[in-house]
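S.K.: build me a model:
(one chain, ligands or ions: 1)
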Amino acid sequence: MRAQPKASHFIDGAYIEDDAGAPITCIYPATGETLAELHEATPALVDKALAAAKRAGPEWAALSGTERGRILRRAADMMRDENRALSEIETLDTGKPLQETLVADATSGADALEYFGGLAATIAGETFRLPGGDWAYTTRDPLGVCVGIGAWNYPTQIACWKAAPALACGNTMVFKPSETTPLSALRVAEILKEAGLPDGVFNVLQGRGGVGASLVTDPRVAKVSLTGSVPTGQKVYAAAAEGLRHVTMELGGKSPMIVFADADLDRAVSGAILGNFYSSGQVCSNGTRVFVERTCRDAFVDRLRERLKGVVMGDPLDEATNYGPMVSEAQMNIVLGYIEKGVAEGATLAHGGRRANRDGFFVEPTVFTGVTDDMTIAKEEIFGPVLSVLDFDSEDEVIRRANDTPFGLAAGVFTDDIRRAHRVAAAFRAGTCYINHYNAAPVEMPFGGSKMSGVGRENSLAAIEHYTERKTVYVGMGDVEAPF
Ligand code: NAD
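M.R.: Numbers count the residues shown, from 1 in each chain. The predicted model follows:
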């Protein structure tokens, strides 16, 4: 199977290769086959991409929001028209089943392009009347060259969630996908060009962390938006701080999901499945600490195990498959290591726990019961299909334990008591909270983390704040009084 792109990078409106860059081998996670061979960007290409983005900025920013938005909305339509082909690329690159990628990746990217394309014409400032006839106004100006750096779990979505608001606001972007999933961002760049985006406004560079690091510290860069792990976020935030660059940090989590005994248990089990096993558990906001009220714990676990019989593990390109492999051998080994630790530290393996007996990097959906707060599997982000069930007895206790983590990306509560639902949501210290649902992320809604899980928000009107800065203009209408 091959998915070789025309070249590794897309700079200034064209594909470009430089064989001098270190090789990147793109692997199909379901079989271990090589899909494509690419190269990391050399310093010369990093410079070329940033120079193109810098040059293209003023003309792009000078277009009206309506004109910019029209291009983004056209790109959204093209992505929808091409959804199947884009989904197949995403499935090959990530191993996620086509059943998922057809509805959650290019479609979500298209939503962002459509939403921010629609908003572009409304981005405006304010006016203030002041004493003596003076007045002031603000404009919302683009920041300039923005760098986007992506994780490997939702490559198309991440490219679009960063590009759409950045471009709508009149910025330009150099985007570096994860070295594990380099393919789809290239096609996004091509589609944007075909939709009418001027050359240089959106560029894609491949590379590992070193390429990312060289982008973050370049003096031409005004803003960095990273989706990645907390340790990478700390490095990128610190490097960006040196030049006082704007940042958005979408980082990892260890989110709680609380199931009260009065909840609709089937709905709660569905939430736990969505929040632990979708994308084989490789979702940042997953509710991996599932706190279940002790009186309904056995019933919950029984229903969960019953539902796990519905897992169809197999060829991700077969639309009947609903459960795919880990993105890479390295990620599979990390997940298997955590499962071993869970067993060693005394948790009870209630389901799964092994590498699947087939080609590729498949790990069985895994459920631990009897998990306590001090266990490694309850404290660290695993980023794989490992659900921990923790027991609790009272609301106060579970809120305290749910919040007792350095992370704060997401949190969920399942209950049929409306007052309790809102009380618990108010008490959560997390950026995105769910009542009787889990992991939905429509573009209308701000998404992002608190505490160590991030800075800033993606999607919604909130993203406009993160891709513009206000300029204030004071207008004196009368005499200027001076002391001498
Ligand atoms: P990662 O932190 O290893 O890498 C993320 C990106 O950063 C990659 O493109 C990588 O090349 C780049 N990078 C690494 N070191 C860098 C450096 N020093 N300077 C600049 N760039 C550097 O993360 P990953 O393994 O690709 O993705 C999984 C992580 O991403 C998980 O922790 C997950 O929770 C998180 N994530 C968060 C969100 C969110 O929206 N909050 C979404 C998806 C994934």
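
S.K.: quick one: neighbours of the closest residue to Asp359 other than its chain neighbours, just the number.
M.R.: Distances taken as Cβ to Cβ, 6 or more residues apart in numbering place Thr31 nearest to Asp359, at 5.1 Å, with adjacent residues excluded. Every residue, glycine included, has its C-beta placed from N, CA and C. Using other Cβ atoms under 10 Å, Thr31 has 17 other residues around it.

S.K.: what of Pro219?
M.R.: 9.

S.K.: what about it? Give its phi and psi, please.
M.R.: Backbone torsions for Pro219, taken as degrees, to the nearest 10, come to phi -60, psi -20.

S.K.: over to Lys176?
M.R.: According to degrees, to the nearest 10, Lys176 has phi -110, psi 110.

S.K.: which residues does it contact?
M.R.: 41, 147-150, 204-207, 211-212, 215 (Cβ atoms under 8 Å, 6 or more residues apart in numbering).

S.K.: re earlier: check contacts around the residue nearest to Asp359.
M.R.: 1, 359-360.

S.K.: I'd like these as JSON lines, with secondary structure, neighbour count and pLDDT appended.
M.R.: Supplementary listing: these in JSON lines, determined by DSSP: H, G, I helix; E, B strand; the rest coil; neighbours: other Cβ atoms under 10 Å; pLDDT from 0 to 100:
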{"residue": "Met1", "secondary structure": "coil", "neighbour count": "11", "pLDDT": "81"}
{"residue": "Asp359", "secondary structure": "coil", "neighbour count": "13", "pLDDT": "95"}
{"residue": "Gly360", "secondary structure": "coil", "neighbour count": "23", "pLDDT": "97"}
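
S.K.: quick one: which of these is nearest Lys254?
M.R.: Gly360 (26.8 Å; Cβ to Cβ).

S.K.: Arg303 reaches Val269, doesn't it?
M.R.: Yes: assessed by Cβ atoms under 8 Å, Arg303 is found in contact with Val269 at 4.9 Å.

S.K.: looking at those two, which is more packed in?
M.R.: It is Val269, of Arg303 and Val269, that has more neighbours when counted by other Cβ under 10 Å, with 24 against 17.

S.K.: check which helix or strand the more buried one maps to.
M.R.: Element membership for Val269 (DSSP states H and E) is helix 265-277.

S.K.: tell me which residues in that helix are buried?
M.R.: Going by neighbour count (16 or more other Cβ atoms under 10 Å), the buried part of helix 265-277 is 265, 268-277.

S.K.: dump the residues you listed into TSV; add distance to Ser255 as well.
M.R.: TSV is the format used below for these (distance: Cβ to Cβ, whole Å):
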residue	distance to Ser255
Leu265	20
Ala268	15
Val269	17
Ser270	17
Gly271	12
Ala272	12
Ile273	15
Leu274	12
Gly275	8
Asn276	10
Phe277	15
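
S.K.: okay, these in CSV with pLDDT and distance to the ligand next?
M.R.: Formatted as CSV, the buried residues of helix 265-277 follow (pLDDT from 0 to 100; distance: Cβ to the nearest ligand atom, whole Å):
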residue, pLDDT, distance to the ligand
Leu265, 98, 28
Ala268, 98, 23
Val269, 98, 23
Ser270, 98, 22
Gly271, 98, 19
Ala272, 98, 18
Ile273, 98, 19
Leu274, 97, 16
Gly275, 98, 13
Asn276, 98, 14
Phe277, 98, 16
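
S.K.: just give me the closest of these to Pro219.
M.R.: Closest approach between these and Pro219, by Cβ to Cβ: Gly275, at 41.6 Å.

S.K.: and the helix holding Val269, what does it pack against?
M.R.: Applying 3 or more Cβ pairs under 8 Å, 6 or more residues apart in numbering; DSSP states H and E, one finds that helix 265-277 contacts strand 256-259, helix 297-307, strand 386-392, strand 410-414.

S.K.: closest to the ligand out of these?
M.R.: Nearest of the helices and strands packed on helix 265-277 to the ligand, taken as Cβ to the nearest ligand atom: strand 410-414 at 8.8 Å.

S.K.: can you give me the buried ones in the helix or strand just after that closest one?
M.R.: The C-terminal neighbour of strand 410-414 among helices and strands, as given by DSSP H and E, is helix 418-427. Going by neighbour count (16+ other Cβ under 10 Å), the buried part of helix 418-427 is 420-421, 424, 427.

S.K.: write out the residues of the stretch 351-484 of the chain neighbouring the ligand.
M.R.: 381, 383, 409, 449, 454 (Cβ under 6 Å from any ligand atom).

S.K.: thinking the third one is in contact with Phe447, fair?
M.R.: No: the pair Leu409 and Phe447 does not pass the contact test of Cβ under 8 Å, sitting 9.2 Å apart.

S.K.: now list whatever residues contact both of these two.
M.R.: Common neighbours of Leu409 and Phe447, using Cβ under 8 Å, 6+ apart, are 285, 431-432.

S.K.: filter those residues down to the ones in strands?
M.R.: Thr432 (DSSP state E).

S.K.: okay, the contacts of Lys176 in TSV with neighbour count next?
M.R.: As requested, the contacts of Lys176 are exported to TSV (neighbours: other Cβ atoms under 10 Å):
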residue	neighbour count
Ala41	29
Val147	31
Gly148	27
Ile149	27
Gly150	28
Val204	28
Leu205	30
Gln206	27
Gly207	28
Val211	22
Gly212	24
Leu215	26
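
S.K.: the ligand: which of the shared contacts of Leu409 and Phe447 is nearest?
M.R.: Of all the shared contacts of Leu409 and Phe447, the ligand sits closest to Ser285, with 6.7 Å by Cβ to the nearest ligand atom.

S.K.: most tightly surrounded among the helices and strands packed on helix 265-277?
M.R.: Mean neighbour count (mean count of other Cβ atoms under 10 Å) peaks for strand 410-414 among the helices and strands packed on helix 265-277, with a mean of 30.
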